[in-house]
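Undergrad: task: produce atomic coordinates for the following.
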Amino acid sequence: MKHNTGSMKLNFFLLLIVAGLLFIAIEKPGLEDSLASKKITTISAKEIQTIEIISIDKTKVSFFKKNNQWFVKHKQKEHMVNMDKLNPLLQIPETTSLKSFSASVEQLKQYHLLRPPISIRFDKTTIAFGNSEPINHRRYVSINNQVHLIADLYYHLLLQPVNSYIKITQQ
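TA: Numbers count the residues shown, from 1 in each chain. So this is what the prediction gives:
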């Protein structure tokens, strides 16, 4: 019977190890905290006063905050902004960096970040948007000589015409 008791103790010990590994695999302790701290910028949406979307052909869409209200310039006039359209743009500086690295000039060319098709400037911080990584639905962006891979949720928003941001008021 001694052999059976020793075997039961070993099985119980192995069961504890498997349960511990299973807990680590499911809960991933500490992983959430490290992802939360890897934002692409330290800018808070509340701090932003101006936004400028700049395309490769130098076309610009300019937004500005006045008395806690957002406006966009269009055809030499100021128009109130539809916040449902602007709020996703305000999330860009706080988006999570899934991977980041310093890139060489060749890599910047490869990811279309040397002459990016479109950029967005939040006050004095510019985020350039480059190629997508379609398999995992990610996009290369660069900020201050640092390349980040982010979820590809914002690029299409930057391509919207300026009049799509104008708040339509009921007459």
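Undergrad: for the residue nearest the centre of the chain, which non-adjacent residue is spatially closest?
TA: The residue lying closest to the centre of the chain (Cα atoms, centre = their mean) is residue 95, at 3.0 Å. Ranked by Cβ to Cβ, 6 or more residues apart in numbering and with sequence neighbours excluded, the top spatial neighbour of residue 95 is residue 150, at 5.1 Å. Bear in mind the C-beta positions are built from the backbone N, C-alpha and C, glycine included.
Undergrad: quick check: bridge partners of that neighbour?
TA: On DSSP bridges, the residues paired with residue 150 through beta bridges are residue 139.
Undergrad: in stretch 140-151, what's buried?
TA: Under the neighbour-count criterion of 16 or more other Cβ atoms under 10 Å, stretch 140-151 has 140-143, 147-150 buried.
Undergrad: number of residues surrounding residue 73?
TA: By the measure other Cβ atoms under 10 Å, the count of residues near residue 73 is 14.
Undergrad: wait, a strand at it?
TA: Yes. Under DSSP: H, G, I helix; E, B strand; the rest coil, residue 73 falls within a strand.
Undergrad: ok now do it, which residues does it touch?
TA: 62, 64, 79 (Cβ atoms under 8 Å, 6 or more residues apart in numbering).
Undergrad: swap in residue 149?
TA: 97-100, 133, 138-141.
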